[in-house]
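Q: okay, sequence plus prediction incoming.
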Amino acid sequence: MSTALAETPEDIKARNKQVIAEVLEAYPDKSAKRRAKHLNTYDAEKSECSVKSNIKSIPGVMTIRGCAYAGSKGVVWGPIKDMVHISHGPVGCGQYSWGSRRNYYVGTTGIDSFVTMQFTSDFQEKDIVFGGDKKLGKIIDEIQVLFPLNKGITIQSECPIGLIGDDIEAVAKAKSKQYDGKTIVPVRCEGFRGVSQSLGHHIANDAVRDWVFDKAGDKIAAFESTPYDVAIIGDYNIGGDAWSSRILLEEMGLRVIAQWSGDGSIAELEATPKAKLNILHCYRSMNYITRHMEEKFGIPWVEYNFFGPSKIEASLREIASHFDDKIKDGAERVIAKYKPLMQAVIDKYKPRLQGKKVMLFVGGLRPRHVIGAYEDLGMEVVGTGYEFGHNDDYQRTTHYVKDGTLIYDDVTGYEFEKFVERVQPDLVGSGIKEKYVFQKMGVPFRQMHSWDYSGPYHGYDGFAIFARDMDIAINAPVWKLAKAPWS
Amino acid sequence: MSQNAEKILDHQELFREPEYAKMIENKRALFENRVPAEELDRVIDWTKTAEYREKNFAREALTINPNKACQPLGAVFAAVGFEKTLPFVHGSQGCVAYYRSHFSRHFKEPTSCVSSSMTEDAAVFGGLNNMIDGLANAHALYKPKMIAVSTTCMAEVIGDDLNAFIKGAKEKGSVPADFDVTFAHTPAFVGSHTTGYDNVMKGIVEHFWDGKAGTVPKLERQENGSINFIGGFDGYTVGNIREIKRIFDLMGVDYTIFGDNSDVWDTPADGEFRMYDGGTTLEQAANAIHAKATISMQEFCTEKTLATIAAHGQEVKAFNHPVGIAGTDAFLQEVSRLTGKPIPEALTKERGRLVDAIGDSSAHIHGKKFAIYGDPDTCLGLASFILELGGEPTHILATNGNKVWAEKVEQLLASSPFGKNCHVYPGKDLWHLRSLLFTEPVDFMIGNTYGKYLERDTNTPLIRIGFPLFDRHHHHRYPVWGYQGSLNVLVWILDKIFDELDKDIVAGKNDISFDIIR
């Protein structure tokens, strides 16, 4: 549906400015002022995207954001497969986050793995009145009886826990002692904390620091170290992403001793301080723990981007630059090996996708990281924004976006619809809540949180799927059927 | 290299490729400190035993894989059934993201709902300012005709008073004084999503009938012979409400669907996004007071609502999600009795066709054992139909079912020799059901998507009926109520039975019964 409304960067900027002004007009003054700070057009001469971020959402709008619990249980802790994660509080939060993030794992569910289960303390009124600590202790006892092969337990606090003043840390300590030093991690990720899921990531990282690293102390991992040991940090293995990344690192000669947290295990968390390099995919959700490991254990960390061959190639070289020639050669070997496959994928799909315009609104690293993959297919990202990004995310975004790109932080449903109506992209990439809105409007859509139940999208194997999926979305015959021939 | 541009492998196939299998196994062997295989097998076997079942049922504090959600989800479900109504959830915003996602995953449709986005400061000072700004923003942006306010557990724990807050917000000019803002307190730590549905429906009845929170005179009831219909929380609401309308129209009944969300979760794709579509008009909601009677399709979703309606002088009648001949017969007869309209020949013919279909097919179901789980009313409706089909309900489980429900199920079972060996499990979860399926196996399970984990663990084929259905598309467009709806249920059950018959066929080895005629 691309119509050449605007051609030059100046035209585009002028249009975007006008579009922003139009959406702000719909708000009451106070809210318009607040929202104005979050909407902008990127100016290539500036070092920042010039939007405010990580600020409270305004009430009464359809923000796409989640909460701290979603960030801790839903993202960071939930995929650690051999631990039981208790959704502590009422039944809902655990229910809605049950099995919905596709953090693939290998294990026997309910026996030694627990990712796609919902453990809840199912708070009742009496628990609110009298406190839930006693119940929590009992829950841990019952977990020990029914799931003897669990390797640890986390307590993921829902809203009421902090409000009624439960002492989950005391329960965790007492129960850990009772069960021979078992890892039991209390996480204060009540949903009202902070402004989005972002604080939940931070809190979850701090809990790893305080209740796994510090507790594991001098625990020695059961393997001999090598100079090539690395840890994958911030890959949740959505649709198997971490696997299609790991295979490349191993092919270039590195040894991945830990995966955080998709398909992860407590043993891997504990072993991570033995890594020679932490390689960080989702900066937003896990930079905290890599910074901590740098300070405390002297482990350097490097960000990488495994979306699309251009970025993969650059990232493989960047990672290799931290090692000797063996690894550097390994990186070149891997790049060369996959080059024909990538070329074949691009040859097949680029003609079908060239020139198509994309608008994104996602979380974590994706509002910037996937841009290169689209560009590899000849596509252009004309608008992007973060659900819960911070200033440093928007700084990083400047390396990816073109002059004039529309930037929208914590976009509301209202704004997003108007932006898409006016900019008329050929594809929108966002989440399940947005998917059907845009499809009704006749705009092709891909879920860029869950890969629309496809994936992986990371790595070379993932890019083939990514390219095919974008073709599936954009070139589906259905978009030509929306108008009845007689209307 | 696994991928090939000409045949791109999806995750299902990709990770079965030998290089990935090897990589994953290597990770497990070296870094995961995994449980030794013999120990794993021992525990797997142990979880299938009567001993484990006993320990599992001795649980008092832990809930595992419950089959219920929290009140606010039901609140949103009820609210979107009214014309241009925006659900407004007072509390932390993450909850709303969850409700919207949950409904979108089931209906494959957008779900519009806003939050007052309460954070730490609201936890300390209360959420009044969030209500004031929130109502103003919601009203300005989304131009609703009505806003239906409900709460999350956060707002309930700190004790925010919705009535006072809404009044306060109106005084501040957030919305016009005569703008309809209904409210219901829906704490997540009481009841389940069905309770939330009930509370919101009751709130809406009270708002329109009892003087809109003291701002206008209460309505005087003047009976007009029409009837109100309330569906209850129902994953098939799109197909069901339309089927009920068809039936009422066939009968010539004067009716109001109270809370009609059949259109908002089934809008066309024609280039336009309709945030609101269909719904009970606000005028209809108010006029519903004048009806002769109110029928609820789901007793356990509407206890408080019906009590409130009864207190206004109407006759009320609740069913338990009727499916099948007897349930539909009772429903139609009641409608006929209340309205004085005879049951038309067209429906009698439909009944006959369903009986015919059952006659054709029940041999395949007769004597088969079923486990049924779901919401209390759904379980009752499905169990009643299974009994009619000659199937034997064996475990009936509702995590949000109570003692009263259990007694009702017992009564139903006692009414048929096919219900003789069945047990009822109020308050139990799907991990309890796992133990039941290992120790007292059945032939089929009927329930929602979450049962697929049980299907994998226990090898019990799952017939997907209920809410949520995330891993199947478009079932919500088909009714399960009425004779036509019951026919759908019959077909889904039979399809699974026939698929199972052919499932393990290997040509040349065990394909003796690989028949083309069933």
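A: All right, it came through fine. Numbering: from 1, shown residues only, chains lettered A, B, ... in the order given.
Q: what's the neighbour count on A:Lys135?
A: A total of 22 residues lie near A:Lys135 under the criterion other C-beta atoms under 10 Å in any protein chain shown. C-beta: built from backbone N, CA, C; applies to glycine.
Q: need the residues that contact the helix or strand containing it.
A: Using DSSP states H and E, A:Lys135 sits within helix A:133-146. Contacts made with helix A:133-146 from outside it, assessed by C-beta atoms under 8 Å, 6 or more residues apart in numbering or on different chains, are listed as A:84, A:86, A:88, A:119, A:121, A:127, A:150, A:153, A:155, A:166-168, A:170-171, A:174-175, A:179, A:184, B:52, B:55-56, B:59-62, B:64, B:431.
Q: wait, is A:Pro278 part of a helix?
A: One correction, residue A:278 is Asn, not Pro. No: using DSSP: H, G, I helix; E, B strand; the rest coil, the secondary structure at A:Asn278 is strand, not a helix.
Q: and for the nearest residue to B:Glu60 once chain neighbours are set aside, the neighbour number?
A: The shortest distance from B:Glu60 to any residue that is not its chain neighbour, by C-beta to C-beta, 6 or more residues apart in numbering or on different chains, is 6.5 Å, and that residue is A:Lys138. Using other C-beta under 10 Å, A:Lys138 has 16 other residues around it.
Q: from A:Gln144, how far out is A:Lys138?
A: When C-beta to C-beta, to the nearest Å is applied, the distance between A:Lys138 and A:Gln144 equals 11 Å.
Q: next one: A:Leu316
A: With distances defined as C-beta to C-beta, the gap from A:Leu316 to A:Gln144 amounts to 44 Å.
Q: ok, these two, which is more surrounded?
A: A:Leu316 (26 against 16).
Q: the more buried one is in contact with A:Glu251, isn't it?
A: No: A:Leu316 lies out of contact with A:Glu251 (C-beta atoms under 8 Å); the separation is 9.6 Å.
Q: can you name the residues of the stretch 151-300 of chain A that neighbour chain B?
A: Residues of the stretch 151-300 of chain A lying near chain B by C-beta under 8 Å from any C-beta of the partner chain: A:151, A:158-160, A:162-164, A:191-195, A:197, A:221-223, A:239-240, A:243-244, A:246-247, A:250, A:256-259, A:263, A:265-268, A:271.
Q: filter those residues down to just the ones in strands.
A: Using DSSP state E, the members of those that fall in strands are A:256-259.
Q: could you say which helix or strand holds A:Ser87?
A: Counting by DSSP H and E, the element that carries A:Ser87 is strand A:83-88.
Q: any idea of the mean pLDDT for that strand?
A: Strand A:83-88 shows an average pLDDT of 98 in the prediction.
Q: please apply the same query to stretch B:183-191.
A: Model confidence over stretch B:183-191 averages 98 on the pLDDT scale.
Q: may I see the buried residues of it?
A: Of the residues in stretch B:183-191, B:183-191 count as buried by neighbour count, 16 or more other C-beta atoms under 10 Å in any protein chain shown.
Q: pLDDT below threshold where in the stretch 301-450 of chain A?
A: Counting by pLDDT under 70, not a single residue of the stretch 301-450 of chain A qualifies.
Q: for the closest residue to chain B within it, list the residues it contacts.
A: Of all residues in the stretch 301-450 of chain A, A:Ala344 sits closest to chain B, at 3.6 Å by C-beta to the nearest C-beta. In this structure, A:Ala344 makes contact with B:4-6, judged by C-beta under 8 Å, 6+ apart.
Q: in a helix, it, correct?
A: Yes: remark: A:Ala344 belongs to a helix, assigned using three-state DSSP.
Q: now the helices for the stretch 251-400 of chain B?
A: When secondary structure is read from DSSP state H, counting those that start in this stretch, the stretch 251-400 of chain B shows helices at B:282-287, B:303-311, B:325-339, B:345-361, B:376-388.
Q: now these as TSV including mean pLDDT?
A: TSV is the format used below for the helices of the stretch 251-400 of chain B (pLDDT from 0 to 100):
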stretch	mean pLDDT
helix B:282-287	98
helix B:303-311	98
helix B:325-339	98
helix B:345-361	98
helix B:376-388	98
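Q: nearest spatial neighbour of residue 95, skipping sequence neighbours?
A: Just so you know, I chose chain A. For A:Gln95, ignoring the flanking residues on the chain, the nearest one in space by C-beta to C-beta, 6+ apart is B:Ala69 at 4.8 Å.
Q: sorry, should have said chain B
A: With sequence-adjacent residues excluded and distances taken as C-beta to C-beta, 6+ apart, B:Cys95 is closest to B:Thr152, at 4.7 Å.
Q: quick revisit: which of the contacts of helix A:133-146 are buried?
A: A:84, A:86, A:88, A:119, A:121, A:127, A:150, A:153, A:155, A:166, A:168, A:171, A:175, A:179, A:184, B:52, B:55-56, B:59, B:61-62, B:64, B:431.
Q: count of neighbours near A:Glu158?
A: Neighbourhood size, A:Glu158 [other C-beta under 10 Å]: 35.
Q: sweet, I'm off.
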